[in-house]
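1. predicted structure and sequence below. I'll ask about it afterward.
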Amino acid sequence: MTLEMPGTDKPTFTLTTPFVPRGGRENLSAFAVVDSNNGPNYGKITVLQLPRSTNVAGPSQVASNFEAKPEVANSLSLLRQGGSDVVLGNLLTLPVGGGLLYVQPVYVRATSNTAAYPLLQKVLVSFGDVIGFDSSLKGALDQVFGGNSGTSSSGAPVTSTTNNASDDLKSALQNARQALADGNTALAKGDFAAYGRAQDRLKAALAAAIAAEGRK
């Protein structure tokens, strides 16, 4: 993958792998990358080791959390109907914003045609305790990060000239208000799936607001 590691100023093409303790819990214990760019750092191994006091979910735990979310389980069940087979792509682990972001594509392939190409249908995203599930990466990230994933529809980074703590706090509170309103609307309609998504957005927005307040 091409990613930007903490403490670096530009993305680098790397090989990556997560680590969990041998014979113990499936919590993530470390994340290693190998620089694969042609240059003086080719082959350099960098390891991010998580403190023993933390309980960050490992890949297998995240995969189980995805399947345990009712909205995800119901959607995957529907995708498996009608002569289709669901193919889960590689579960990617990415260091983002002082944490670890998990991303997994969900493909669907017709079982009647073994030569058919799998088609991307959904994207699963996990950051902390929040799970996003949408038909696009941007949509899933927006759910996780309270409606502001920092990506555009083309996938290019969105830049801002007013990216300070006060603006971040204002944006987070606005996202929280919108999530609360959307949740109340969904609850009134009896749409519990939409209500659950709104609650996830509300939780992420409040966390962002607390973080922004701490930087002021």
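-> Right, received. Where do you want to start?

2. CA only for contacts and neighbour counts going forward, please
-> Noted.

3. and Asp85, helix, strand or coil?
-> State at Asp85, reduced to three classes by DSSP: H, G, I helix; E, B strand; the rest coil: strand.

4. which ones are touching it?
-> 79, 108-111 (Cα atoms under 8 Å, 6 or more residues apart in numbering).

5. let me see the mean pLDDT of the longest strand seen in the chain.
-> The residue-count maximum for a strand in the chain (DSSP state E) belongs to strand 99-110. The pLDDT scores in strand 99-110 average 88.

6. quick one, whichever helix or strand comes after it and strand 99-110 angle?
-> Sequence-wise, the next helix or strand downstream of strand 99-110 (DSSP states H and E) is strand 119-127. Orientation check (axes from the mean of the first three to the mean of the last three Cα atoms, to 10 degrees): strand 119-127 against strand 99-110 gives 160 degrees.

7. and strand 119-127, what does it pack onto?
-> strand 99-110, strand 130-134, helix 137-144 (3 or more Cα pairs under 8 Å, 6 or more residues apart in numbering; DSSP states H and E).

8. one more time with 10 Å
-> In terms of contacts (3 or more Cα pairs under 10 Å, 6 or more residues apart in numbering; DSSP states H and E), strand 119-127 is packed against helix 59-68, helix 70-79, strand 84-88, strand 92-96, strand 99-110, strand 130-134, helix 137-144.

9. next, the buried residues of the longest one.
-> Looking back up the chat, that one is strand 99-110. Neighbour counts using 16 or more other Cα atoms under 10 Å place 100-110 of strand 99-110 among the buried residues.

10. what is the nearest of the residues you listed to Gly83?
-> Checking the buried residues of strand 99-110 against Gly83 by Cα to Cα gives Ala110 as the nearest, at 6.1 Å.

11. quick check: bridge partners of that closest one?
-> Ser84 (DSSP bridges).

12. so who does it touch?
-> Contacts for Ala110 (Cα atoms under 10 Å, 6 or more residues apart in numbering) come out as 80, 82-86, 116-119.

13. if we go to 8 Å?
-> Contacts of Ala110 by Cα under 8 Å, 6+ apart are 83-85, 116, 118.

14. sort out which of those residues are buried, if you could.
-> 84-85, 118.

15. please report how far the residue nearest in space to the middle of the chain lies from Ser112.
-> Nearest to the geometric centre of the chain sits Val125, at 2.9 Å (Cα atoms, centre = their mean). Applying Cα to Cα, to the nearest Å, the value for Val125 to Ser112 is 30 Å.

16. got it, and Gln121?
-> Distance check for Gln121 against Ser112: by Cα to Cα, it reads 18 Å.

17. show me this protein divided up by domain.
-> 2-49, 57-157, 160-216 (automatic domain parsing).

18. would you mind giving the orientation angle of the longest strand of the chain with respect to helix 59-68?
-> Orientation of strand 99-110 against helix 59-68 (the same axes, to 10 degrees) gives an angle of 60 degrees.

19. convert strand 99-110 to CSV, retaining C-alpha atoms only.
-> What follows is strand 99-110, C-alpha atoms only, in CSV (Å, rounded to 0.1, in the frame of the first residue of the first chain):
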residue,chain,number,x,y,z
GLY,A,99,-5.4,5.6,15.7
LEU,A,100,-5.8,2.6,13.4
LEU,A,101,-8.4,2.6,10.7
TYR,A,102,-9.7,-0.8,9.3
VAL,A,103,-11.1,-0.9,5.7
GLN,A,104,-12.6,-3.9,4.0
PRO,A,105,-14.3,-4.0,0.5
VAL,A,106,-17.3,-6.2,-0.1
TYR,A,107,-17.7,-7.7,-3.6
VAL,A,108,-20.5,-9.7,-5.2
ARG,A,109,-20.0,-12.2,-7.9
ALA,A,110,-22.6,-14.2,-9.8
